[in-house]
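*Asks:* from the sequence below, what's the structure:
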Amino acid sequence: MTRPHSVPRLTRRAPIHRRLARVSVIFWLLLAGAPALAAGTPAGTDIENIASATFDGPGGPVTIDSNTVIIKVDELLDVTVVRTDPGDVITNPGKTGNVQSFRITNTGNGDEAFNITVNTANGGDDFDPTLQQIAIDSNNNNVYDAGVDSVYVAGSNDPVISPDQSRTVFVITSTPSGIANGARANVSLTATAVTGSGAAGTAFVGQGQGGGNAVVGSSGAVAVANGFLAVQSTSLTLVKSASIADPFGGQRPVPGAIVTYRLVATVSGTGTLNNLKINDPIPSGSNYQTGSMTLQTSAAAAVSLTDAADSDAGIFNGTRVTVAAGNVTAGETRTVTFRVVIQ
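*Replies:* This is a model prediction of the structure:
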């Protein structure tokens, strides 16, 4: 008996268009479930590919596969830095503990440690503050907490940041004595990838996450941001207190009790604090008592304010009271009172 003709080392499979359709569906399902990264595929990922060919054999379509080609994705080193303070950070001559905030974002595709440096002696500004320390936001609340946030020591606790993630860093400085009112200081923070930096395209062989190379991205793997301190010889303190009168002649905070809030703004130092405004939101669980706002200056009796947006200094907008206290000279106070009823 004559055996059917056979082709060595070939396998008969489903038609190629069906196989490609299945592969396409799987690929798009995987793509849809993958996180979107600023720098694309995570470093160390193996991209595998197998080609195939098909032809008509004696018994039907025959498909053969090529060898597998594996490409390991290199780590891209990229970073951005921005200041997160909304404007200049106000300081006074001789003040210590100025806090400026910056955010470092890893825009690369691998976990990367970043070295942090601060320059307080930038040219073109009015004075050079003294660097006290750099701190890393340990509890991720974006607020400097002394004794909680970690003091940064270069080379010891360089922050490791995952792709597309950020860390807030605080720069703590002191202001020299004798600095003139209105003077500004430029404080810059620089973050540099620990793996390496340089011209875009520079490669560090075998030093990327997952065993591949590390390649410098468009940022040069280094970024800098500037923040400013501004000296203001006048300073402001705002103290709030509350007194309670309940319906039974006592001072208990029960429903129906009236709470009188008292806000005392005190300006100290030298000079004048311009355009002072005092704001206070009405607390949840209480209702503002109509027509209860007053404003008192240092040398005058309290004046009643209307709730409407009119010619006087007060306004109640439905959720908070705002009093425009104007320009206040150092040594003076402005006192605001208003009442709410506990629901």
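
*Asks:* ok, the nearest residue to Asn140 once chain neighbours are set aside - how many residues close by?
*Replies:* Leaving aside its chain neighbours, Asn140 sits nearest to Thr168 (7.4 Å; criterion: CB to CB, 6 or more residues apart in numbering). The way it works is simple: take the backbone N, C-alpha and C, and place the C-beta from them, glycine included. Thr168: 20 surrounding residues under other CB atoms under 10 Å.

*Asks:* domains of this protein?
*Replies:* 76-231, 234-342 (automatic domain parsing).

*Asks:* which one of those domains lies nearest to Asp56?
*Replies:* domain 76-231 (41.6 Å; CB to CB).

*Asks:* measure that closest one end to end?
*Replies:* The straight-line separation of the ends of domain 76-231 (CA to CA, to the nearest Å) is 41 Å.

*Asks:* pull the helix or strand with minimum mean pLDDT from this structure.
*Replies:* Within the chain, confidence by mean pLDDT, DSSP states H and E is lowest for helix 16-33 among all helices and strands, at a mean of 40.

*Asks:* now the element after it, going C-ward?
*Replies:* strand 46-57 (DSSP states H and E).

*Asks:* sheet-wise, list the partners of that following strand with their directions.
*Replies:* strand 60-72 (antiparallel) (DSSP bridges).

*Asks:* which residue is the nearest non-sequential neighbour of Gln194?
*Replies:* Not Gln; residue 194 is Val. In space, and not counting its chain neighbours, Val194 is closest to Ala113: 4.1 Å by CB to CB, 6+ apart.

*Asks:* contact partners for the one you found?
*Replies:* Contact partners of Ala113, counting by CB atoms under 8 Å, 6 or more residues apart in numbering, are 158-161, 193-195.

*Asks:* I'd assumed it was in a helix, is it?
*Replies:* No: assigned with DSSP: H, G, I helix; E, B strand; the rest coil, Ala113 falls outside any helix and is strand.

*Asks:* hey, what's it bridged with?
*Replies:* Val160.

*Asks:* how close does it sit to Gly196?
*Replies:* Going from Ala113 to Gly196 by CB to CB, to the nearest Å gives 11 Å.

*Asks:* can you check Thr105 too?
*Replies:* Noted for Thr105: a distance of 19 Å to Gly196, by CB to CB.

*Asks:* about what we covered before: please identify the helix or strand for the residue nearest to Asn140.
*Replies:* Secondary structure (DSSP H and E) places Thr168 in strand 166-174.

*Asks:* could you list the paired strands of that strand along with their orientation?
*Replies:* strand 98-106 (antiparallel), strand 130-136 (antiparallel).

*Asks:* what about the helices in the stretch 101-250 of the chain?
*Replies:* Assigned by DSSP state H, counting those that start in this stretch, the helices in the stretch 101-250 of the chain number zero.

*Asks:* what segments of it are strands?
*Replies:* Listed in chain order, the strands of the stretch 101-250 of the chain (DSSP state E, counting those that start in this stretch) span 112-119, 130-136, 150-151, 160-161, 166-174, 184-193, 203-204, 214-216, 222-231, 234-245.

*Asks:* got the contact list for Asn106?
*Replies:* 78-79, 112, 114, 161-166.

*Asks:* quick check: the farthest pair among those residues?
*Replies:* Phe114 and Asp164 (14.3 Å).

*Asks:* contacting residues for the closest residue to Gln207 other than its chain neighbours?
*Replies:* Distances taken as CB to CB, 6+ apart place Ala214 nearest to Gln207, at 4.6 Å, with adjacent residues excluded. Shown in contact with Ala214 (CB under 8 Å, 6+ apart): 43, 74-77, 110, 195-196, 203-204, 207-208.

*Asks:* my guess is the residue nearest to Asn140 contacts Ser138, does it?
*Replies:* No: contact criterion CB atoms under 8 Å: Thr168 and Ser138 do not qualify, at 9.9 Å.

*Asks:* so how far is Asn106 from Val82?
*Replies:* The value you get for Val82 to Asn106, if CB to CB is used, is 13 Å.

*Asks:* sec struct for Leu76, please.
*Replies:* Relying on three-state DSSP, one would call Leu76 strand.

*Asks:* how many residues are close by it?
*Replies:* 27.

*Asks:* I figured it hits Glu112, correct?
*Replies:* No: look at Leu76 against Glu112 with CB under 8 Å: they stay out of range, at 9.5 Å.

*Asks:* what comes up buried for stretch 41-48?
*Replies:* Judged by neighbour count (16 or more other CB atoms under 10 Å), stretch 41-48 contains these buried residues: 42-45.

*Asks:* that should have said stretch 324-338, apologies.
*Replies:* 325, 328, 330, 332-338.

*Asks:* adding pLDDT, write these out as TSV.
*Replies:* Putting the buried residues of stretch 324-338 into TSV (pLDDT from 0 to 100) gives the following:
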residue	pLDDT
Ala325	95
Val328	94
Ala330	89
Glu332	94
Thr333	96
Arg334	96
Thr335	97
Val336	98
Thr337	98
Phe338	98
